[in-house]
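1. quick one, what's the 3D model for this:
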Amino acid sequence: MRHIRLFAATGAAVAALALTACGGGTGAQDEGASSPDVARTDASGTSGGTAAGTTGTTTGDATGTAGGTASGATVTRSHTPGAKPDASAGRTSKGTGTRSTVLCNGTNTTVTAQVLKRPLNHMLLTVKNTGGKICSLPYYPVLRFDEMQWVPQADEATQPQAVVSLAPGESGYAMALLSAADGSGTGGQTAHKLTLAFQGYTPNSSGGPSATPALPAKGVYYDSALKVTYWEQDLDLISGW
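-> Now for the predicted structure:
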């Protein structure tokens, strides 16, 4: 896969976003835990199922919890690959009585990072809007494990048709492939800290303060195969990724 070095000119914008995000999040973090499979979370941030997930709280006034049952089937996507978020989508409200839309970030959301047993070597990222306004999740999460010196890229095939917008209490999702199942990945190591940076309405721009969702106490193994999906409003769209 293609790695982008922090100080390379072609990846400077994304790298800066990942590095500067480290100091952006606030709030105490809970200890993370593994889950047996993909979780299906409802608008309130809590789901039923055979296994309970673990909450990793950043900032805001609510905590998201994930749990669920297995969902490994291939899912037919409804989005159009190559579609770009509208740079002006929801920034201001129009008409009387409507609310303005803000960017989702570490100040108005809670974020959980849930390591899954199925699909193998995957981690589910859940962002719950804990603020009082609709918030937008453009593009994809920018991940940084510990002091990682490169930026994981996104699978362009998962790009949604429109930017994801979350009403208060709603959740958005992304998936991370942590390592190659066939052992073809290189530079494998175990991380104990995750910083998640949010993007703005233009690619590689900052969306505001970052989040630091908790990881399992034993850490998370990743290698050069690490990549992510775009944010999705419907978990089913990436549950079979």
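
2. start to end distance for stretch 178-185?
-> One end of stretch 178-185 sits 10 Å from the other (CA to CA, to the nearest Å).

3. do the same with stretch 211-226
-> Stretch 211-226 stretches 19 Å from its first residue to its last (CA to CA).

4. now do stretch 117-124
-> For stretch 117-124, the first-to-last residue distance is 11 Å (CA to CA).

5. how about stretch 170-186?
-> 37 Å.

6. and the helices in the chain?
-> Along the chain, counting by DSSP state H, helices occupy 12-20.

7. flag the shaky bits of it, pLDDT-wise.
-> Residues of the chain that meet the criterion pLDDT under 70 lie in 1-99.

8. what is the residue lying closest to residue 111 once chain neighbours are set aside paired to in the beta sheet?
-> In space, and not counting its chain neighbours, residue 111 is closest to residue 211: 4.0 Å by CB to CB, 6 or more residues apart in numbering. From N, CA and C alone the C-beta is placed, and that goes for glycine too. For residue 211, the beta-bridge partners under DSSP bridges are residue 196.

9. does residue 211 touch residue 108 like I think?
-> No. Using CB atoms under 8 Å, residue 211 is not in contact with residue 108, being 10.5 Å away.

10. give me the more crowded residue out of these two.
-> For residue 211 versus residue 108, neighbours defined as other CB atoms under 10 Å are more numerous around residue 211 (32 against 24).

11. distance of the more buried one from residue 126?
-> From residue 211 across to residue 126, the span is 11 Å (CB to CB, to the nearest Å).

12. okay, and the common contacts of the two?
-> Counting by CB atoms under 8 Å, 6 or more residues apart in numbering, the common neighbours of residue 211 and residue 126 are residue 111.

13. residue 187 and residue 203, how far apart?
-> Counting by CB to CB - residue 187 and residue 203 are separated by 26 Å.

14. so for the two, which sits in the more crowded spot?
-> Just comparing residue 187 and residue 203: by other CB under 10 Å the higher neighbour count belongs to residue 203, 15 against 12.

15. nearest spatial neighbour of the more buried one, skipping sequence neighbours?
-> Nearest to residue 203 is residue 139, by CB to CB, 6+ apart, at 6.3 Å.

16. now for that neighbour, how many residues are close by?
-> As a burial measure, residue 139 scores 24 neighbours (other CB under 10 Å).

17. got it, and the one 5 residues further on?
-> Residue 144 has 25 neighbours, counted by other CB under 10 Å.

18. wait, it sits on residue 211?
-> No. Judged on CB under 8 Å, residue 144 makes no contact with residue 211 at a distance of 11.3 Å.

19. between the two, which contacts overlap?
-> Common neighbours of residue 144 and residue 211 (criterion: CB under 8 Å, 6+ apart): 195, 196.

20. so residue 112 is in contact with residue 172, correct?
-> No. Checked against CB under 8 Å, the pair residue 112 and residue 172 is beyond contact range at 11.7 Å.

21. of those two, which one has the most company?
-> Comparing residue 112 with residue 172 by other CB under 10 Å, the one with more neighbours is residue 112, at 31 against 24.
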